[in-house]
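*Asks:* Starting from these lines, generate the structure:
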Amino acid sequence: MDKDRITGAAKDAAGKVEGAFGRATGDASTEASGRAREAAGTVQNLYGQAKDAARDIGDAAGDYAKDALDTGSDIYRGGNKAVASAVREQPLGALLVAGAVGFALALMLNRQPRRRNFRDYYR
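*Replies:* Residues are numbered from 1 along each chain as shown. Now for the predicted structure:
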């Protein structure tokens, strides 16, 4: 609980007492002062509630991110184990797949750009 909420509630209560005292004695300025203090207390209390809500949302977002990171790392570890197991069981097949992927990447990265012809721009 935020200190603004506690202070606001105290001001609100003091304002209500002061306003009631002003009404009972017929003093309009005391009653108005009490209402003003009550309003200030209510605003401060609402401000404290908003800060608490923002803090709660931040905590929830942090918890969600931590859970997502834990889940992602578990999935990564599981995939890593599966690949290692497949390579242990079939090393020649894994070597052929790795070679094919490397060859395809080399072809894509070393490909010469297509030469444009004059007619390509006026079709």
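
*Asks:* quick one: the helices in this structure?
*Replies:* Listed in chain order, the helices of the chain (DSSP state H) span 3-25, 28-89, 91-110.

*Asks:* tell me the most buried of these?
*Replies:* helix 3-25 (a mean of 15; mean count of other Cβ atoms under 10 Å). The C-beta positions use only the backbone N, C-alpha and C, and glycine is treated the same way.

*Asks:* and of the helices of the chain, who's closest to Phe118?
*Replies:* Nearest to Phe118, of all the helices of the chain, is helix 91-110, at 26.7 Å by Cβ to Cβ.

*Asks:* Contacts for that closest one, please.
*Replies:* Residues outside helix 91-110 that contact it (Cβ atoms under 8 Å, 6 or more residues apart in numbering): Ala86, Val87.

*Asks:* can you do 10 Å?
*Replies:* For helix 91-110, the surrounding residues in contact (Cβ atoms under 10 Å, 6 or more residues apart in numbering) are Val83, Ala84, Ala86, Val87, Arg88, Gln90.

*Asks:* ok now it, how far from the chain's centre?
*Replies:* The chain centroid and the centroid of helix 91-110 are separated by 40 Å under Cα atoms, centre = their mean, to the nearest Å.

*Asks:* One more: stretch 54-66?
*Replies:* 6 Å.

*Asks:* and that stretch, average pLDDT?
*Replies:* In this model, stretch 54-66 carries a mean pLDDT of 93.

*Asks:* Among the contacts of helix 91-110, which one sits closest to Ala60?
*Replies:* Checking the contacts of helix 91-110 one by one against Ala60 (Cβ to Cβ), the nearest turns out to be Val83, at 34.9 Å.
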